[in-house]
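Peer 1: Provided below are the primary sequence and the corresponding predicted coordinates.
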Amino acid sequence: MARKYFGTDGIRGRVGEYPVNAEFMLKLGWAAGRVLGSTGGNLVIIGKDTRISGYMFEAVLEAGLSAAGINSRLLGPMPTPAIAYLTRTLHACAGIVISASHNAYADNGIKFFSGAGAKLPDEVEIAIEAELEKPMVTVESARLGKAERVADAEGRYIEFCKSTIPLSLSLQGLKLVVDCANGATYKVAPSVFDELGAEVIAIGTEPDGLNINRNCGSTQPGRLQKSVCKHRADAGIALDGDGDRIIMVDSQGELVDGDELLFIIALSRQKQGRLNGCVVGTLMSNLGLEHALLSHDIPFERARVGDRYVLEMLREKDSVLGGESSGHIICLDRTTTGDGIVSALQVLATMVQSGKSLHELKSGMKKYPQHMINVPLTREVNLDTTPAVQSALRAVEQTLAGKGRVLLRPSGTEPVVRVMVEGEDEKQVIEAADHLASAVAEAL
């Protein structure tokens, strides 16, 4: 059944524009309470990032849940993975995250976690949408839900993060620059690394409600690169606004993206004999990652783009490690969802245990040149049956001669067609992508 409001990562949009407005979110809280309460649970956790609209949505979601007779516990600004963790440990029937992740402050969104700390099953989201179509009815006063704040949420999550690496392992002697994107990790992330012994230089820790992800964080790591070089740090860590993604910077100021981090963690797990099944990437994962893993006899599988699909394939393949180039890395042997801080700790632990720098660790993987062009989607068209596009596609594949990869797909989040080409020769890759993008643009 098609969903009207929920996308691959919850409900997201520009604040004030339907459905991301106060009126809809009030009813969403009520509808979610009705569905989740019918399973026997009576407690929902609510957390948010630092964007200014979070205050408004926190209040109306709480009111909607109360009207449905559901109690809520408020975490305040906390990373998305922290909300998943606390939903489990506080034995709530669900968790609600108020965040638009790496988007600018003018956007916001809602996503849910089940009581197990995983994304809600499709059938539950569909049931919530069905309730949204009904008139909102408030329970009698004696059954209204209550709300309270969780005073020790930060400390609980900090201790959890620290527990994901060996108790005996210390980060003493490491100098780290940590960019919190003026987002949800601005308090907890520096504390985690500091308490493990590292010297921490924190940036992006002054949120004002409007500066989340602005010129900082995992989507704009230029400031972090400069800071790592300036302070002669061993590594830099860039988180996104809600803390579920990570990009790192090595001591030479070079970026280490999600594919390279996934490679480092996979190799470490393999050496420890703890790498179950395959490593799962996506259709956008660099071909260099696939080749590097296969050279170490590590099977690699590609899921559709989106952490939801990576997680589905990990479960299907009975595996524990997967992720995206953007830095959304899932370590199912440590937690239930993508977690930037936990992923960073796995990499830092590998640096300490191996005695190698981040630059040395990433050198085992050679990235292929990759070029992507977003072609505006002006009308519906089936590219698979468009002769000019298919002809251009065949020509590009012949040019690559089996030493590259072509991806042609409509975006799931934007009105564009993504044209991606990768191969051994950068000039050839760029020319091939331009050729194919022109054919697509002409067809549209």
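Peer 2: In hand now; what should we look at?
Peer 1: CA atoms for contacts and neighbours, from now on please.
Peer 2: Fine.
Peer 1: how about the nearest residue to Asp384 once chain neighbours are set aside, secondary structure?
Peer 2: Of all residues not flanking Asp384 in the chain, Gln390 sits nearest, at 6.7 Å (Cα to Cα, 6 or more residues apart in numbering). What DSSP: H, G, I helix; E, B strand; the rest coil gives for Gln390 is helix.
Peer 1: where do the strands sit along the stretch 1-150 of the chain?
Peer 2: In the stretch 1-150 of the chain, the strands defined using DSSP state E, counting those that start in this stretch lie at 11-14, 43-48, 71-77, 94-98, 107-114, 147-149.
Peer 1: likewise for the stretch 201-350 of the chain?
Peer 2: Going by DSSP E, counting those that start in this stretch, the stretch 201-350 of the chain shows strands at 235-239, 246-250, 255-256, 279-282, 300-303, 321-323, 329-331.
Peer 1: for Val352, find the nearest of those.
Peer 2: strand 235-239 (12.2 Å; Cα to Cα).
Peer 1: pairing partners for the closest one, with directions?
Peer 2: strand 175-179 (parallel), strand 246-250 (antiparallel) (DSSP bridges).
Peer 1: residues contacting Val417?
Peer 2: With contact set as Cα atoms under 8 Å, 6 or more residues apart in numbering, Val417 has these partners: 374-377, 408-411.
Peer 1: could I get these as CSV with distance to Phe193 and pLDDT?
Peer 2: Below are the contacts of Val417 laid out as CSV (distance: Cα to Cα, whole Å; pLDDT from 0 to 100):
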residue, distance to Phe193, pLDDT
Asn374, 38, 92
Val375, 41, 91
Pro376, 42, 90
Leu377, 44, 83
Leu408, 41, 90
Arg409, 40, 84
Pro410, 40, 80
Ser411, 36, 76
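Peer 1: just give me the neighbour total for Gly155.
Peer 2: 12 (other Cα atoms under 10 Å).
Peer 1: okay, the angle between the helix or strand hosting it and strand 71-77?
Peer 2: Using DSSP states H and E, Gly155 falls within helix 153-162. Angle, helix 153-162 to strand 71-77, by axes from the mean of the first three to the mean of the last three Cα atoms, to 10 degrees: 70 degrees.
Peer 1: pull out the buried residues from helix 153-162.
Peer 2: For helix 153-162, the neighbour count (16 or more other Cα atoms under 10 Å) marks 153-154, 157-158, 160-162 as buried.
Peer 1: nearest spatial neighbour of Val124, chain-adjacent residues omitted?
Peer 2: Counting by Cα to Cα, 6+ apart, the residue nearest Val124 is Val35, at 7.5 Å.
Peer 1: next one, pLDDT for that neighbour please.
Peer 2: Per-residue pLDDT puts Val35 at 96.
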